[in-house]
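A.B. asks: Here is a sequence together with a model predicted from it:
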Amino acid sequence: ERDGELRAYQQRQEEISKLPVEMGWRNFPLRLYHGFWFHEPHLNGVISIRRNFCRPAPSDLFLVTFPKSGTTWLKALAFAITNRSSGHHINSGHRSILSRHPQDCSPYLEAFYAGPQVPDLDAMPSPRLLGTHMPYSLLPESLRDEGSPSRIIYLCREPKDTLVSTVHFINTMGSEQSSIAGAISMDQAVELFCKGLSPYGPVWEHQLEYWRESQRRPDKLLFLKYEDVMAEPEANVRKLANFIGRPFSPEEESSGLVAEIVELCCFEKLSGLEVNRTGVRGKEIGVTINNSSFFRKGKVGDWREHLLPEMAEKVDVITRDMLQGTGLSH
Ligand code: A3P
């Protein structure tokens, strides 16, 4: 079986090497696959998921984002909501988020599937929280099927804030490869981002695919916005719990559990925790990412501190164009 997996992996590498390539951020190559750009290791994961992930369960929760749109926050919230318990033990139930990095509460599927070995997700406890950045159109057929039992939560973020967050994140990544440049400037990043040349880009198509599907199948796809969750965290935590099929009971409501979960998962709380301030990850995709890099500012509108007016305008023009008439706005 291992030989078969290795052969399939090499075959995917071969396919990827024939796809259109562009030098991306800090010269990490980006490959074009069905209209979206990917870093090579993640793309191997994407293709493997499409071929090997075939059994979504009714209890599965797919946590989907465009990179740097609040994945970490969504993972923490979904984990706390699905694991909540009325006990008062320190570090049990929803409070166990205090001792786990949110990225470890739910696998990032593309990284999980990036290597030769096809991971066994059957062993995961239910409900499985499965994180992915895959565009909707590239999700495995079994998930897009009208009759798919699984639920998908998409967290969307304003493109300029997403762009600024991406710049900072990619510039903190470590790589052994000599071809990788030191840092990308904001100027270069705007240029590439607007051409769709960013991991999983273009961002607009990514958001619109999920937006349209959420209109078509609102019972299976919940579309949330980072800015809305920030403005009304409790209402959005209730919305999440309802969508998951585990609404807060009157007892839970009166005990203040909703506010407690919001508090536990807020930026200030999570970014201060030892488990989130130390350690690194990224080995499986050949880079070094500090656990702390997932927490930078957690602000709405931070782009104002980083983008010149003409850079902002360049992004806004595309956003206006792309979203016009779709019902989605930022
Ligand atoms: P900034 O770089 O704008 O601060 P992702 O989790 O998708 O990688 O996105 C990371 C972004 O979400 C970063 O944005 C990060 O600071 C922010 N973030 C992380 N945890 C958060 C939380 N608990 N609440 C709000 N924002 C959070």
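C.D. replies: On my side now, so go ahead. A quick note: this is a predicted structure, and the numbers were derived from the prediction, not measured. Residues are numbered from 1 along each chain as shown.

A.B. asks: for the helix or strand bottoming out on mean pLDDT in the chain, packing partners?
C.D. replies: None of the helices or strands of the chain scores lower by mean pLDDT, DSSP states H and E than strand 174-175, at a mean of 89. Strand 174-175 is packed against strand 287-290, with contacts defined by 3 or more Cβ pairs under 8 Å, 6 or more residues apart in numbering; DSSP states H and E. C-beta here means a position set from N, CA and C on the backbone, and glycine is covered the same way.

A.B. asks: Pull up the pairing partners for the strand it packs on, direction included.
C.D. replies: Strand 287-290 has the following strand partners under DSSP bridges: strand 174-175 (antiparallel), strand 280-281 (antiparallel).

A.B. asks: Of the ones you listed, flag the one that's most buried.
C.D. replies: Mean neighbour count, computed with mean count of other Cβ atoms under 10 Å, is highest for strand 280-281 among those, reaching a mean of 16.

A.B. asks: can you list contacts of the least confident helix or strand of the chain?
C.D. replies: For strand 174-175, the surrounding residues in contact (Cβ atoms under 8 Å, 6 or more residues apart in numbering) are Arg26, Phe28, Val280, Gly282, Gly286, Val287, Thr288, Ile289.

A.B. asks: out of these, who's nearest the ligand?
C.D. replies: Ile289 (9.8 Å; Cβ to the nearest ligand atom).

A.B. asks: so what's the closest residue in space to Ala312 that isn't next to it in sequence up against?
C.D. replies: Distances taken as Cβ to Cβ, 6 or more residues apart in numbering place Lys160 nearest to Ala312, at 5.9 Å, with adjacent residues excluded. Lys160 makes contact with Trp303, Leu307, Ala312, Val315, Asp316, according to Cβ under 8 Å, 6+ apart.

A.B. asks: rerun that using 10 Å as the cut-off
C.D. replies: For Lys160, the contact set (Cβ atoms under 10 Å, 6 or more residues apart in numbering) comprises 190, 193, 301-304, 306-307, 311-312, 314-316, 319, 330.

A.B. asks: which residues touch the residue nearest to Arg26 when sequence neighbours are not counted?
C.D. replies: Here the nearest residue to Arg26 in space, its sequence neighbours aside, is Ala181; by Cβ to Cβ, 6+ apart that works out to 4.5 Å. Shown in contact with Ala181 (Cβ under 10 Å, 6+ apart): Met23, Trp25, Arg26, Asn27, Phe28, Asn171, Ser175, Gln188.

A.B. asks: For these, which entry has the maximal number of neighbours?
C.D. replies: Within the contacts of Ala181, Trp25 tops the neighbour count with 24 neighbours, counted by other Cβ atoms under 10 Å.

A.B. asks: re the thing from before, could you point out which of the strands paired with strand 287-290 sits nearest the ligand?
C.D. replies: Nearest of the strands paired with strand 287-290 (Cβ to the nearest ligand atom): strand 280-281, 12.0 Å.

A.B. asks: What is the distance between that closest one and the centre of its chain?
C.D. replies: 17 Å (Cα atoms, centre = their mean, to the nearest Å).

A.B. asks: Which residues outside that strand are in contact with it?
C.D. replies: Contacts of strand 280-281 (Cβ under 10 Å, 6+ apart): 101, 103-104, 108, 111, 174, 287-294.

A.B. asks: Swap in 6 Å and give it another go.
C.D. replies: Thr288, Ile289, Asn290 (Cβ atoms under 6 Å, 6 or more residues apart in numbering).

A.B. asks: again, but for stretch 190-210
C.D. replies: Outside stretch 190-210, the residues that reach it (Cβ under 6 Å, 6+ apart) are 22, 24, 30, 36-37, 39, 66-67, 133, 135-137, 154, 156, 159, 163, 311, 314, 318, 322.

A.B. asks: Try it again at 7 Å.
C.D. replies: With Cβ atoms under 7 Å, 6 or more residues apart in numbering as the contact definition, stretch 190-210 has outside contacts at 22, 24-25, 30, 35-39, 64, 66-67, 133, 135-137, 154, 156, 159, 162-163, 166, 221, 223, 311, 314-315, 318-319, 322, 326, 328.

A.B. asks: Write out the residues of the stretch 1-150 of the chain neighbouring the ligand.
C.D. replies: Thr65, Pro67, Lys68, Ser69, Gly70, Thr71, Thr72, Trp73, Ala76 (Cβ under 6 Å from any ligand atom).

A.B. asks: Among those, name the ones in strands.
C.D. replies: With strands defined by DSSP state E, the entries of these inside them are Thr65.

A.B. asks: ok so, going back, and of the contacts of Lys160, the nearest to Lys269?
C.D. replies: Among these, Asp302 lies closest to Lys269 (Cβ to Cβ), at 19.0 Å.
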